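Enquirer: Predicted model and sequence below, questions to follow.
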Amino acid sequence: MPTIYLLPSTMSDTAPQQVLPAGNIDIARRLKFFIVENLRTARRFLKACDRDINIDELTFFELNRHTSPEEVAGMLNPAAEGHDIGIISEAGCPAIADPGADVVAIAQRKGYDVRPLVGPSSIILSLMASGFNGQSFAFLGYLPIDASQRTAAMHAMERRIKSESQTQIFIETPYRNNKLIAELARALPGQMMLCVASDITGSNEKIITRPLSWWAKATYNYDKTPTIFLLYR
């Protein structure tokens with residue numbers, strides 16, 4: 001039975017050996033077929049895992065939000081021939097806030113063995129370090145871009161925090177990080193807690209939890225830095 005390996009990648013320039021188990025790298029060495037979100041970074045990640053990996057001998061299928069359902073299904077053709085396949089995401093762990101979930105759904109329907117491998121997840125790592133409720137939490141992805149919808153989404157998070165004690169987790173396009181923090185500080189109560197987790201697993205990792213009233217006056221610069229945000233009471 002072919003196996004679909006969900007192969008976590010690094011979320012920074014940190015060497016894979018520092019954040020991934022040795023077993024993951026052993027699996028990456030022997031696979032010949034990969035479904036990846038970004039071809040260039042996937043190749044670079046594999047070479048970082050082991051310089052001796054011959055990239056030219058590998059077959060890559062590129063999967064992103066523009067890929068059609070028909071193309072997604074075709075990416076599993078090597079499995080139908082008995083080959084194992086690795087899925088590599090730009091988001092750290094494949095299929096979490098990631099188009100790889102579409103492939104996994106098809107693999108499950110076809111009865112292939114799906115094996116998630118241990119690796120860094122910005123959602124879990126930031127929640128661990130935030131001091132917020134880890135029993136009940138929701139990942140919301142990106143907030144709306146439209147100003148009125150964005151404000152409404154912020155107040156909806158506030159209501160869920162108050163009514164359900166549920167940690168709210170979300171992301172933003174990196175060049176808008178600073179603007180988002182300012183918007184949160186204006187729209188929500190000052191006593192509400194905001195955790196800003198940036199460059200997770202990287203050399204400049206910083207995870208700070210403070211009230212929004214503190215963030216309203218703080219000096220910071222998260223511009224163009226991969227960052228995840230968490231709100232709680």
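Expert: Yep, that arrived.

Enquirer: And the pLDDT at the residue nearest to residue 67 when sequence neighbours are not counted?
Expert: Computed as C-beta to C-beta, 6 or more residues apart in numbering, the closest residue to residue 67 that is not its neighbour in sequence is residue 99, at 6.9 Å. Heads up, the C-betas are built off the backbone N, CA and C, glycines and all. Here the pLDDT value assigned to residue 99 is 86.

Enquirer: list the contacts for residue 99?
Expert: 37, 63, 64, 65, 67 (C-beta atoms under 8 Å, 6 or more residues apart in numbering).

Enquirer: Straight-line length of stretch 130-144, end to end?
Expert: Using C-alpha to C-alpha, to the nearest Å, one end of stretch 130-144 lies 24 Å from the other.

Enquirer: Need phi/psi at the closest residue to residue 9 other than its chain neighbours.
Expert: Computed as C-beta to C-beta, 6+ apart, the closest residue to residue 9 that is not its neighbour in sequence is residue 45, at 4.9 Å. With angles defined as degrees, to the nearest 10, residue 45 sits at phi -60, psi -40.

Enquirer: With residue 16 as the reference, measure out to residue 45.
Expert: Using C-beta to C-beta, to the nearest Å, one obtains 7 Å as the distance from residue 45 to residue 16.

Enquirer: Mutual contacts of the two, please.
Expert: Shared contacts of residue 45 and residue 16 (C-beta under 8 Å, 6+ apart): 9, 10.

Enquirer: List the buried residues of the one helix or strand residue 115 maps to.
Expert: Assessed by DSSP states H and E, residue 115 sits inside strand 113-116. For strand 113-116, burial by neighbour count (16 or more other C-beta atoms under 10 Å) applies to 114, 116.

Enquirer: where's residue 126 relative to residue 50, distance?
Expert: Separation of residue 126 from residue 50 (C-beta to C-beta): 29 Å.

Enquirer: Could you do residue 123 as well?
Expert: Residue 123 sits 28 Å away from residue 50, taking C-beta to C-beta as the criterion.

Enquirer: So those two - more neighbours on which side?
Expert: Ranked by neighbour count (other C-beta atoms under 10 Å), residue 123 and residue 50 place residue 123 first, with 21 against 13.

Enquirer: From the chain's centroid, how far away is stretch 137-147?
Expert: Stretch 137-147 has its C-alpha centroid displaced from the chain centroid by 14 Å (C-alpha atoms, centre = their mean, to the nearest Å).

Enquirer: Pull up the distance across it, start to finish.
Expert: Rule used - C-alpha to C-alpha; the end-to-end distance of stretch 137-147 is 25 Å.

Enquirer: tell me which residues of it are tucked away?
Expert: Those would be 137, 139, 140, 143, for stretch 137-147 by 16+ other C-beta under 10 Å.

Enquirer: before we move on, what about stretch 15-31?
Expert: Using 16+ other C-beta under 10 Å as the test for burial, stretch 15-31 gives 16, 19, 20, 24, 25, 27, 28, 31.

Enquirer: Can you tell me how far the last one is from residue 109?
Expert: Just to be clear, that refers to residue 31. As for residue 31, its distance to residue 109 is 22 Å (criterion: C-beta to C-beta).

Enquirer: which residue is nearest the centroid of the chain?
Expert: Ranked by distance to the mean C-alpha position of the chain (C-alpha atoms, centre = their mean), the top residue is residue 91 at 3.2 Å.

Enquirer: Enumerate every residue touching that residue.
Expert: By C-beta under 8 Å, 6+ apart, the contact set of residue 91 is 11, 37, 97, 98, 122.

Enquirer: Let me know the next secondary structure element after the lowest-mean-pLDDT helix or strand in the chain.
Expert: Confidence across the helices and strands of the chain bottoms out at helix 69-74, with a mean of 88, counting by mean pLDDT, DSSP states H and E. Proceeding N to C from helix 69-74, the next assigned helix or strand is helix 77-80, under DSSP H and E.
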